[in-house]
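A.B. asks: What follows is a predicted structure for the sequence shown.
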Amino acid sequence: MNFEHARFNMVEQQLRPWGGAGPRVRHLLMTVRREDYVPPAMRAFAFADIEIPLPGGQTMFKPAIEGRILQTIGTLHVNSVLEIGTGSGYFAALLAANADHVHTVEIDPELARLARDNLVRNGVTNVTVEEGDASQGWYSQAPYDVIVVSGGLPELPEGLLAQLKPGGRLFAFTGTPPAMKACIVSRNDKKTHQSHSLFETVVPMLRHIPQVPAFNF
């Protein structure tokens, strides 16, 4: 299989029409080798417009979703990033290309090991894979310039927003199937935020989600 040709077609046919492929995002997706992060049995489908199954019943997002997240949070270099839900490690590798350091937290031990192995094998040295429940964030390394929640939340916890630096951005999927939306939240200062809904979709929910007070915009 010609992976470079498949990678080019993915960017041009899946991402560009949906507005998720600005020049910097296209360069990033052409550089980080997605096929090196999918399970070996699914390698031929690494660039297909499907969710790739992972151990533990989890999945990798469709490429168009990944591109849209990157386009939304921006590709300017930042200091610290938190990813909640590591999966195979692929999206952490994408985030790491424009960050000093990425802290990514995975609740499933098998997936955490898989992600670490994938990142080490691909020479990504500025990602730390933590094992635990980060549905309310990861206070030990807060605050962050960017937070990406790679799974669904019924509501956006106030404590998660509190871990953003002023000027920081948070991407999340909120709601419950079949009514979910992607949103971007920007922190203006210590007390105020702005939220924008981007598109409707359905993604797997984060595990062990606690019932916590929601932030009201």
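C.D. replies: Arrived safely, thanks for sending.

A.B. asks: what are the ranges of the strands in the chain?
C.D. replies: Remark: strands assigned in the chain by DSSP state E are 52-53, 59-60, 78-84, 99-106, 127-131, 144-153, 164-176, 179-187, 193-201.

A.B. asks: Kindly reformat those as CSV containing distance to residue 7.
C.D. replies: Quick note: C-beta positions are derived from backbone N, CA and C, even for glycine. Output for these, formatted as CSV (distance: least, C-beta to C-beta, whole Å):
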stretch, distance to residue 7
strand 52-53, 15
strand 59-60, 15
strand 78-84, 22
strand 99-106, 22
strand 127-131, 21
strand 144-153, 21
strand 164-176, 23
strand 179-187, 24
strand 193-201, 23
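
A.B. asks: which one of those has the lowest average pLDDT?
C.D. replies: Sorting the strands of the chain by mean pLDDT places strand 193-201 lowest, at a mean of 89.

A.B. asks: Go through it and flag the buried ones.
C.D. replies: For strand 193-201, a neighbour-count test (16 or more other C-beta atoms under 10 Å) marks 193, 198, 201 as buried.

A.B. asks: How about stretch 21-34?
C.D. replies: 21, 22, 25, 26, 28, 29, 32, 34.

A.B. asks: can you pull the contacts of the second one?
C.D. replies: In this case it means residue 22. 71, 75 (C-beta atoms under 8 Å, 6 or more residues apart in numbering).

A.B. asks: before we move on, the earlier item: right, so of the strands of the chain, which gets closest to residue 120?
C.D. replies: strand 127-131 (9.5 Å; C-beta to C-beta).

A.B. asks: Of all the residues in that closest one, which ones are buried?
C.D. replies: 127, 129, 130, 131.

A.B. asks: residues in contact with the last one?
C.D. replies: By C-beta under 8 Å, 6+ apart, the contact set of residue 131 is 105, 106, 107, 109, 112.

A.B. asks: how about a cut-off of 7 Å?
C.D. replies: Going by C-beta atoms under 7 Å, 6 or more residues apart in numbering, residue 131 touches 106, 109, 112.

A.B. asks: from the residues you listed, which is closest to residue 70?
C.D. replies: Proximity of those to residue 70 (C-beta to C-beta) peaks at residue 106, which lies at 19.7 Å.

A.B. asks: in the sheet, who's paired with the closest one?
C.D. replies: Taking DSSP bridges as the rule, residue 106 bridges to residue 131.

A.B. asks: is it true that it touches residue 113?
C.D. replies: No - applying C-beta atoms under 7 Å as the test, residue 106 and residue 113 come out as separate, 9.1 Å apart.

A.B. asks: These two - which one has more neighbours?
C.D. replies: Here residue 106 and residue 113 are compared on neighbour count by other C-beta atoms under 10 Å; more neighbours surround residue 106, at 29 against 14.

A.B. asks: ok, now which ones touch that one?
C.D. replies: By C-beta under 7 Å, 6+ apart, the contact set of residue 106 is 85, 86, 112, 115, 129, 131.
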